[in-house]
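K.L.:
Fold the stuff below for me.
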Amino acid sequence: MGDVNAWCDYLKGRGVLMTKGPKDVPLLGIRVIVFDDPEGYQIEIQSVL
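P.N.:
From the prediction side, this is the model:
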């Protein structure tokens, strides 16, 4: 999967709650989602706008 929206749909379909996003960050030219893994680490996935 190459885009943030596809990852978001995939993860939400498996019960993962997003901490942030999907959200565009125009200043950085990215779209981002953030979520916590089962051990509490924050994972961020980005794609280019």
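K.L.:
For the spatially most central residue of the chain, which residues are in contact?
P.N.:
Centre of the chain computed as the mean C-alpha position; nearest residue by CA atoms, centre = their mean is residue 33, 2.2 Å away. When contacts are counted by CB atoms under 8 Å, 6 or more residues apart in numbering, residue 33 touches 4, 7-8, 11, 18, 20-23, 44-45. (Each C-beta comes from the backbone N, C-alpha and C, glycine too.)
K.L.:
least confident pick among these?
P.N.:
Within the set of these, pLDDT is lowest for residue 21 (89).
K.L.:
nearest spatial neighbour of that residue, skipping sequence neighbours?
P.N.:
Take residue 21 and drop its neighbours on the chain: the residue closest to it by CB to CB, 6 or more residues apart in numbering is residue 33, 3.9 Å away.
K.L.:
how about whatever helix or strand that neighbour lives in: buried residues?
P.N.:
Using DSSP states H and E, residue 33 maps to strand 30-36. For strand 30-36, a neighbour-count test (16 or more other CB atoms under 10 Å) marks 30-33, 35 as buried.
K.L.:
hang on, the earlier thing: give me the distance between the residue nearest to residue 21 and residue 45.
P.N.:
5 Å (CB to CB, to the nearest Å).
K.L.:
between these two, what contacts are shared?
P.N.:
4, 7.
K.L.:
Residue 7 belongs to a strand?
P.N.:
No: using DSSP: H, G, I helix; E, B strand; the rest coil, the assignment for residue 7 is helix, not a strand.
K.L.:
all numbers from here: first residue = 364
P.N.:
Sure, I'll start counting at 364 from here, so that last one is residue 370.
K.L.:
Do I have it right that it meets residue 408?
P.N.:
Yes: Residue 370 lies in contact with residue 408 (CB atoms under 8 Å); the separation is 5.1 Å.
K.L.:
Now do the helices in this structure.
P.N.:
Ranges of helices in the chain, per DSSP state H, are 367-375.
K.L.:
so where's it shaky on pLDDT?
P.N.:
Counting by pLDDT under 70, the chain shows low-confidence ranges at 364-365.
K.L.:
at 50 instead, please
P.N.:
By pLDDT under 50, the chain has no low-scoring segment.
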